[in-house]
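J.: Sequence and predicted structure below; questions after.
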Amino acid sequence: MNTVESSEEWEPNVPIPVAPMFEWPPKLIGVLRFFVWKQFWPGGVMWIGLAWACWWYATPDLASMANFELGWMVILWSRNAVIVTVFAGSLHWWLYVRQGQGTATKFNRRWPSGSQRFTFGHQTWDNVFWSIASGVTISTGFEAVGWWMFANGHTPYRSFAGDWPYLIVLTVFTFYWSNAHFYANHRALHVGKLYDWAHSVHHRNPNPGPWSGISMHPIEHLLYMSPPVLLWFIPGHPVVHLTLLFFSLLSPILTHAGFERVRLGDSASNRPSFLSGDYFHQLHHRYFECNYGNTLVPFDKLFGTYHDGTPEAHAVMRERQRSADRS
Ligand SMILES: [Zn+2]
Ligand SMILES: [Zn+2]
């Protein structure tokens, strides 16, 4: 285990472990700690809290969404656009505009810059455009269909008062479902023309920032934002749908922040900090052909594409690339 702050790159502790429930022999304490501190704090609590707040205060009545009408869909789009803008915008402002913590825990020491490969010639404006114009629009489309299904009785409604154990299990399941789905669609996006047409937009960002998280081509958004489709066909509650929506929309903003930790003050102060960037996915942006999924559902381990950040894993990846080039 080693933490290095070199002149070039910030390297967190490696090897990057898989989630403890996939380790053998199982360690119960490790699994519980993981659930509380990694999966549900702060991310899970934020997505679930935001889902309840939006269900109570920022979602039209289900009965009013029984027909597709522009009015209520514009309300949903505006709500989602504001949430993404506040979340990504405040992280971007602190880390990249004010440079509030300098390069402390920044994976790549360089700052995003202009380049002709970006829409509008600059990474930030490129990322903002694709996130809002395509990402928010397509995720709102999936949300709208979900409400229409509930409003017309196609999706059976369950209440937390009567079915809370089932709905808690369903909420936990959605995180695993979403991550497994991510591995599958992401792996497909790296094949042939799908990469050239669609996924290359996301991979314009070898040095990602918060706005890069959901900066994708509409084809990729249609695949990436589609996990709610499963929820349309099983009994549920709107808050579970909203939790999945915010997990899909907002967690990539955090994991693409480009910094391992966000510190709400300079390095020397004792201000609060929280985990943000995902080094596992950062390695995917750096090397492309590894780490298609994440550590929560470690399909990369199963299919031999897991890069844990160590020189040994790097050598295995290079050998895999050489043999693919030979064949
Ligand atoms: Zn990414
Ligand atoms: Zn990729």
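T.: That came through, no problem. Ligands and ions are numbered 1, 2, ... in the order given.

J.: Tell me where the stretch 151-300 of the chain is predicted with low confidence.
T.: Within the stretch 151-300 of the chain, the ranges that satisfy pLDDT under 70 run 266-269.

J.: Can you list the residue ranges for strands in it?
T.: Using DSSP state E, counting those that start in this stretch, the strands of the stretch 151-300 of the chain run over residues 261-263, 273-275.

J.: want to throw those into CSV with distance to F160?
T.: C-betas here are computed from N, CA, C, even on glycine. What follows is these, written out as CSV (distance: least, C-beta to C-beta, whole Å):
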stretch, distance to F160
strand 261-263, 32
strand 273-275, 28
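
J.: How many neighbouring residues does P42 have?
T.: 13 (other C-beta atoms under 10 Å).

J.: Likewise for R158?
T.: With other C-beta under 10 Å as criterion, R158 counts 17.

J.: Just want the most central residue of the protein.
T.: In the chain, the residue lying closest to the centroid (C-alpha atoms, centre = their mean) is P252, at 2.7 Å.

J.: and the closest residue to that residue other than its chain neighbours, how many neighbours?
T.: Nearest residue to P252, sequence neighbours excluded (C-beta to C-beta, 6 or more residues apart in numbering): G213, at 3.1 Å. When counting by other C-beta under 10 Å, one arrives at 27 neighbours for G213.

J.: So for L223, what's the nearest residue that isn't a sequence neighbour?
T.: N185 (4.1 Å).

J.: show me what contacts that neighbour?
T.: Going by C-beta atoms under 8 Å, 6 or more residues apart in numbering, N185 touches E220, L223, Y224, S226.

J.: Only alpha carbons, please: show the helix or strand harbouring A313 as CSV.
T.: Using DSSP states H and E, A313 maps to helix 311-326. Extracted as CSV, the C-alpha positions of helix 311-326 are listed here (Å, rounded to 0.1, in the frame of the first residue of the first chain):
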residue,chain,number,x,y,z
PRO,A,311,2.6,-1.9,-12.1
GLU,A,312,1.7,-5.6,-12.2
ALA,A,313,-1.8,-4.9,-13.4
HIS,A,314,-0.5,-2.4,-15.9
ALA,A,315,1.9,-5.1,-17.4
VAL,A,316,-1.1,-7.5,-17.7
MET,A,317,-3.1,-4.8,-19.5
ARG,A,318,-0.3,-4.1,-21.9
GLU,A,319,0.2,-7.8,-22.7
ARG,A,320,-3.6,-8.1,-23.3
GLN,A,321,-3.4,-5.2,-25.7
ARG,A,322,-0.3,-6.7,-27.5
SER,A,323,-2.1,-10.0,-28.0
ALA,A,324,-5.2,-8.3,-29.3
ASP,A,325,-3.1,-6.4,-31.8
ARG,A,326,-1.5,-9.6,-33.0
